[in-house]
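>>> Just the structure for this:
(4 chains, ligands or ions: 6)
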Amino acid sequence: MKKTQVLDWLYRTAAFMEENKTYLTKLDTAIGDADHGNNMHRGFSNVIEQLPKYEEKDIGSICKAVAMVLISKVGGASGPLYGTMFMQAANTVNGKEELSGDDLKKFLKAGLEGIIMRGKASVGDKTMVDAYTPALAAFSDSIENGDDISSALDKAVAASEEGMKSTIPLIAKKGRASYLGERSKDHQDPGATSLTLMLTAMRDASKA
Amino acid sequence: MKKTQVLDWLYRTAAFMEENKTYLTKLDTAIGDADHGNNMHRGFSNVIEQLPKYEEKDIGSICKAVAMVLISKVGGASGPLYGTMFMQAANTVNGKEELSGDDLKKFLKAGLEGIIMRGKASVGDKTMVDAYTPALAAFSDSIENGDDISSALDKAVAASEEGMKSTIPLIAKKGRASYLGERSKDHQDPGATSLTLMLTAMRDASKA
Amino acid sequence: MERIIMKKLINHPDNVLKEQLQGMQLAHADLINVHFDPYYITRKDAPVKGKVALISGGGSGHEPMHGGFVGKGMLDAACPGEIFTSPTPDQMYEAAKAVDGGAGVLNIVKNYTGDVMNFEMAADLARADGIKVQNIIIDDDVAVKDSLYTAGRRGVGTTVLVEKICGGAAEAGYDLEKLSALCRKVNQYGRSMGMALTSCITPANGSPSFEIGDDEMEIGIGIHGEPGIKREKMKSLDEITEEMTMGIIEDPAYTRKHKEWSFEKDEWIEVEQTDEPFQKGDSVIAFVNSMGGTPVSELYGVYNKMNEVCEKNGIKVVRNLIGPYITSLEMQGCSITLLKVDDEILKFWDAPALTPAFRR
Amino acid sequence: MERIIMKKLINHPDNVLKEQLQGMQLAHADLINVHFDPYYITRKDAPVKGKVALISGGGSGHEPMHGGFVGKGMLDAACPGEIFTSPTPDQMYEAAKAVDGGAGVLNIVKNYTGDVMNFEMAADLARADGIKVQNIIIDDDVAVKDSLYTAGRRGVGTTVLVEKICGGAAEAGYDLEKLSALCRKVNQYGRSMGMALTSCITPANGSPSFEIGDDEMEIGIGIHGEPGIKREKMKSLDEITEEMTMGIIEDPAYTRKHKEWSFEKDEWIEVEQTDEPFQKGDSVIAFVNSMGGTPVSELYGVYNKMNEVCEKNGIKVVRNLIGPYITSLEMQGCSITLLKVDDEILKFWDAPALTPAFRR
Ligand SMILES: Nc1ncnc2c1ncn2[C@@H]1O[C@H](COP(=O)(O)OP(=O)(O)O)[C@@H](O)[C@H]1O
Ligand SMILES: Nc1ncnc2c1ncn2[C@@H]1O[C@H](COP(=O)(O)OP(=O)(O)O)[C@@H](O)[C@H]1O
Ligand SMILES: [Mg+2]
Ligand SMILES: [Mg+2]
Ligand SMILES: [Mg+2]
Ligand SMILES: [Mg+2]
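Ligands and ions are numbered 1, 2, ... in the order given. This is a model prediction of the structure:
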């Protein structure tokens, strides 16, 4: 994955967040506080506003800059979570101008670890971790089986979507939705949804 | 009109105010502050609660007691107005156990004068005065023409009803409704309505 | 008795006032005494010997006004009527007897037909007992344009400011005549305008006082859930605030007659008063008030724009009060009051006060 | 940009926070400074040399909390996030630098995932600059029953009381360790429960956070327009108040773990804390809070019944606070907080304070 594709990923993510702002917020209205779409949109529209300043730098620096913007512009739970994800992921790709399949695997793995370090969620808690965990596993398997990035990302997106849908019947145990207990059932987790959008944007960028 | 009929009048008025509580308040919702029915009901239910204490006294004393109850229980604009009406009317019938047509004429005239002294309204201001004034005129004419109280009251009630309806197209110039200016048009004045109920109760009592 | 379901924290509508007053008594036993037959609230240390006693009152539903303003530096007594219904003369009469410290009583009366008449009767009763009583009428609502074809301007936001300022002056030893003059002046210097986004529900009725569409607002409302002067489509904060503020600033001279007691003639006389319009260079206290259901955060937005409009028009805001002080139950909306100040007014505005709802 | 029509006194949703903060700055320039990039509010005389600085913050929409509590005797700084969204670490970091008077900073953090994480990151940033920082988590909402299967109890009403009490103690010279201990104790002694009659609308969304029927209420809500624990048919004031008060009084011991900074180990550690249940004979501060749209009159009704329930259960109310202090925009409803007191807590509750929304 070339640097231009990484940048393209970020632009596509921002476009997805704009398109899905109302949808994400609607999901967060059901089991949260009705701001996830606004949070993600605010974060990524700031990311692409700042991006021109960093486009010349290496992928690691770009992702660190993204992390800082998300941390300082998103707030809520998702701000520190996605911020830490980008920060930890960035640390694995310092100085790089292009990412191999293995690089991207490490990058994604560090990102998930960042989210878990920060939020202490496990699979089944009805969070973004429920989408990210199977997506990472699918991606890693695929790369280890010799697939190229683009088809590995196809599998990751499929797994993420499945993970996202798997949150529907769950009772939330982390984040705001956990206060609802039983009533959090039958709703899809907003964070798992935005995470899936982010991976979909990466997949699309890898093919463009 | 015998004292028992005067008492009956008060009981009937209380019953009317209870029956018409919602109606009067609805009229007051349109152009006032939505309490006239509650005010009148509170006032007259207190009147009849106190009444047994005064039933043995003369008509003047009874009406003075009614005035005091209305003054201390109704509040709003209608409390002092109806309170003053009863107070002034009472003064004309001190010591009496029965009222002639002429007595009742003076009684009603003093009542209207009390309302005007207190509230300074003229006919056409869209108040209780718009019902009371023609009613008094009709009653007086009828008595002067030699009619008995009961038929004079028939005419008074008819005139009161007409006066009450005449308030509908008016722009209010007194009381709360006056704040609405043009918007007070097309609504019947609540006070003119309660006044008409009071006269109707008197008419009914005179026939019972 | 069956209770209509309404979204209120109440028991039976008949007991609302009593229970709320009991709560006030329990919560503020250090500051006030609540009397229940008839209803009136007095400051703990009443009567204060030698001090003119300030009494106000009106329909309930405007809390914290007036009961919340009873205490040192503000009112000596408040008389709460039924919700949105003027109190009855016996309340103000009993209150006057309880708080008169020998220097007389000033009744601060909002200009509503019912309030004016009931306070008049109360003053007559107290006077018959040898208490010196004056009634001063507050009528500051610029939404009401003329006094000839209406009951005259309503008493709204300025009432709160008057209670603070005259409370300070009474504490400082003003006699009844000087205090009445100050009260009259503050009323003449104060102008208000209100608006509503929603209606409100009285417990006794259980349904809204007026119906209002999802995209509508009501301009020029009073404080009794009565509809306002006009109905408009919802506008932005800036437009609404500009309309209200300019309505106040550009309000022309307003003349009306009120009944006051003449101690020389020993009778009620009609006194004519004229408010002079605001002028460039005036300093004001700005009071941005919530009608009850509008959160304080939105009031700060109003204050921000109001301040800009004032500045643009040469009016300097030197003090402010922001919050729900004179309300209409849970109605959403706000009112703005601008009160021109001079040294006398500012001094007593800044004076200490210790009441349930206002502390300085 | 087209604006969705909503019944709010706002301009474009994107500017709401900024305009409201500008209004606060204009209104309270004598007490606070509002900083705009990033948003934080500091007390006028910050940094106060030698005093531990108190910082709190959280999503906006809960006004007057926290910005209204900045000033002498309460907070040194408040960090407002977007509406119902935790503030970002740079806000608390900049605030810490602005108000640290050399004695360190205590961050008072409400227990929401976002708040906790953002304050943690902020503390790390400030610590890297050599500022001594401790974070104490407030989690007092008894509607959340367990901490194992949820994000734990939310920080609600006790937060307001903590800010007053710790503010007093900081003013009195408590060092960071003693102040942290007091803050922890107040949190353990405080319990709250809330309910809503209506939902609320965030400017960014323009539609209610949850739908609720005309005859329904929501019990066990937080303060973010999130739905509560259960939905019930509307009940009477007495029933609602009894349910909430008993829920608080009978709440069993509650144990949870929070991250705090260990100055010995120089790292975040998990600290386990247990609240002991109320006991007959306890004295409490009772705080009856409006969610924003409920008028203060109804709160007195709640207070009246709550006091009765407390008395019946041997709990003595020795102080109270009644009004809209920690709100959810224009939501109608209320919350009750009972805070067990000892001499230390009472002393600082009674200490002077001078802030936009709380004066003593
Ligand atoms: N502890 C956690 N670990 C991982 N993800 C979490 C955690 N808590 C919340 N989330 C995610 O954050 C999402 C909510 O984000 P957002 O609405 O932006 O923040 P907030 O809940 O503060 O309003 C949830 O849908 C969930 O996926
Ligand atoms: N100045 C006045 N003179 C005569 N009647 C009046 C006057 N002002 C108001 N009224 C009458 O009082 C009625 C309203 O009474 P009510 O609703 O009980 O009092 P309030 O207006 O104080 O709520 C009006 O419908 C009108 O008939
Ligand atoms: Mg959210
Ligand atoms: Mg009325
Ligand atoms: Mg009324
Ligand atoms: Mg949020």
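>>> For stretch C:308-318, what does the pLDDT average out to?
Per-region confidence: stretch C:308-318 scores 98 on mean pLDDT.
>>> Stretch C:55-66 now?
Per-residue confidence for stretch C:55-66 averages out to 98 on the pLDDT scale.
>>> And that stretch, how far out from the chain middle?
7 Å (Cα atoms, centre = their mean, to the nearest Å).
>>> Any residue of it touching chain B?
Yes: using Cβ under 8 Å from any Cβ of the partner chain, stretch C:55-66 reaches chain B at residue C:59. Using the backbone N, CA and C atoms, a C-beta is placed for each residue, glycine as well.
>>> how far away is the residue lying closest to residue C:250 once chain neighbours are set aside from chain A?
The spatial neighbour of residue C:250 that comes closest, neighbours along the chain excluded (Cβ to Cβ, 6 or more residues apart in numbering or on different chains), is residue C:277 at 7.4 Å. Residue C:277 is 45 Å from chain A, where distance means Cβ to the nearest Cβ, to the nearest Å.
>>> Export stretch A:17-26 to CSV, keeping only CA atoms.
Extracted as CSV, the C-alpha positions of stretch A:17-26 are listed here (Å, rounded to 0.1, in the frame of the first residue of the first chain):
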residue,chain,number,x,y,z
MET,A,17,-18.1,9.7,8.0
GLU,A,18,-19.8,12.6,6.3
GLU,A,19,-22.1,10.4,4.4
ASN,A,20,-22.9,8.2,7.4
LYS,A,21,-23.0,11.0,10.0
THR,A,22,-26.7,10.8,10.5
TYR,A,23,-26.7,7.0,10.4
LEU,A,24,-24.0,6.6,13.0
THR,A,25,-25.7,9.2,15.3
LYS,A,26,-29.0,7.3,14.8
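>>> and that stretch with ligand 3, contact?
No: Stretch A:17-26 lies out of reach of ligand 3 by Cβ under 5 Å from the ion, never closer than 8.2 Å.
>>> List phi and psi for the residue nearest to residue C:250.
For residue C:277, the backbone dihedrals are phi -60, psi 160 (criterion: degrees, to the nearest 10).
>>> Check what pLDDT it gets.
According to the model's per-residue confidence, residue C:277 sits at a pLDDT of 96.
>>> and it, what is it in contact with?
Neighbouring residues of residue C:277 by Cβ atoms under 8 Å, 6 or more residues apart in numbering or on different chains: C:250-253.
>>> mind listing what residue 74 touches?
Because you didn't say which chain, this covers chain A. The contact partners of residue A:74, by Cβ under 8 Å, 6+ apart, come to A:39-40, A:42-43, A:82-83, D:85, D:88.
>>> You answered for a different chain; I wanted chain C.
Applying Cβ under 8 Å, 6+ apart to residue C:74 gives the contacts C:54, C:163-164, C:167, C:353, C:355, C:358.
>>> what's around the residue nearest to it when sequence neighbours are not counted, how many residues?
Distance criterion Cβ to Cβ, 6+ apart; nearest residue to residue C:74, sequence neighbours excluded, is residue C:167 at 3.7 Å. Around residue C:167 there are 28 other residues, counting by other Cβ atoms under 10 Å in any protein chain shown.
>>> wait, residue C:167 sits on residue C:70?
No: if you go by Cβ atoms under 8 Å, residue C:167 and residue C:70 don't touch, sitting 9.6 Å apart.
>>> Quick one: classify residue C:81 as helix, strand or coil.
Remark: residue C:81 carries the secondary structure label strand [criterion: DSSP: H, G, I helix; E, B strand; the rest coil].
>>> before we move on, the earlier item: could you pick out which of the contacts of residue A:74 are also in contact with ligand 6?
The subset of those within reach of ligand 6, by Cβ under 5 Å from the ion, is residue D:85.
>>> quick check, nearest of the contacts of residue A:74 to ligand 5?
Distance ranking of the contacts of residue A:74 against ligand 5, using Cβ to the ion, places residue D:85 first at 43.7 Å.
>>> Now do the SS call for the closest one.
What three-state DSSP gives for residue D:85 is coil.
>>> still on that earlier bit, so how far is residue C:162 from the residue nearest to residue C:250?
In this structure, residue C:277 and residue C:162 are separated by 20 Å, where distance is defined by Cβ to Cβ, to the nearest Å.
>>> ditto for residue C:253
Here the criterion is Cβ to Cβ. By it, residue C:253 lies 20 Å from residue C:162.
>>> now residue A:207
Distance of residue A:207 to residue C:162, given as Cβ to Cβ: 73 Å.
>>> Looking at these two, which is more packed in?
Of the pair residue A:207 and residue C:162, residue C:162 is the one with more neighbours under other Cβ under 10 Å, namely 28 against 11.
>>> which residues sit in contact with residue A:12?
Each residue near residue A:12 by Cβ under 8 Å, 6+ apart is listed here: A:201-202, A:204-205.
>>> number of nearby residues for the spatially closest residue to residue C:72 that is not a sequence neighbour?
In this structure, residue C:72 finds its nearest non-sequential neighbour in residue C:354, 4.6 Å apart by Cβ to Cβ, 6+ apart. Residues contacting residue C:354 under the criterion other Cβ under 10 Å number 16.
>>> Contacts only, for residue C:354.
With Cβ under 8 Å, 6+ apart as the criterion, the residues that contact residue C:354 are C:31, C:71-73, C:360.
>>> Equivalent analysis for residue C:352, please.
In this structure, residue C:352 makes contact with C:72-73, C:168, C:360, judged by Cβ under 8 Å, 6+ apart.
>>> closest to ligand 5 among the residues you listed?
Using Cβ to the ion, residue C:73 is the member of the contacts of residue C:352 that sits closest to ligand 5, with 29.9 Å.
>>> how far away is residue A:76 from residue D:83?
Residue A:76 sits 11 Å away from residue D:83, taking Cβ to Cβ as the criterion.
>>> shared neighbours, these two?
Once Cβ under 8 Å, 6+ apart is applied, the residues that residue A:76 and residue D:83 both contact turn out to be A:35, D:59.
>>> Pick out whichever of these two has more residues nearby.
The residue with the greater number of neighbours, taking residue A:76 and residue D:83 and applying other Cβ under 10 Å, is residue A:76; the counts read 35 against 26.
>>> Chain A against chain D: which residues are in contact?
That would be A:25, A:29, A:32-35, A:38-39, A:42, A:71-81, A:83, A:118-119, A:171, A:173-176, A:178-181, A:183, which are the residues of chain A within reach of chain D (Cβ under 8 Å from any Cβ).
>>> What separation do you get for the residue of chain C found nearest ligand 6 and residue C:309?
Closest residue of chain C to ligand 6, Cβ to the ion: residue C:297 (16.4 Å). In this structure, residue C:297 and residue C:309 are 20 Å apart, going by Cβ to Cβ.
>>> swap in residue C:260?
Going from residue C:260 to residue C:309 by Cβ to Cβ gives 35 Å.
>>> for residue C:337, same thing?
Computed as Cβ to Cβ, the residue C:337 to residue C:309 distance reads 14 Å.
>>> Who are the contact partners of the residue of the stretch 51-200 of chain C found nearest ligand 2?
Closest contact between the stretch 51-200 of chain C and ligand 2, by Cβ to the nearest ligand atom, is at residue C:114 (3.3 Å). Listed by Cβ under 8 Å, 6+ apart, the contact set of residue C:114 reads B:75-80, C:59, C:85-86.
>>> Distance of the residue of chain A positioned farthest from its centre relative to residue C:60?
Among the C-alpha atoms of chain A, the one most distant from their mean position (Cα atoms, centre = their mean) is that of residue A:182, at 26.5 Å. To residue C:60, residue A:182 is 42 Å away according to Cβ to Cβ.
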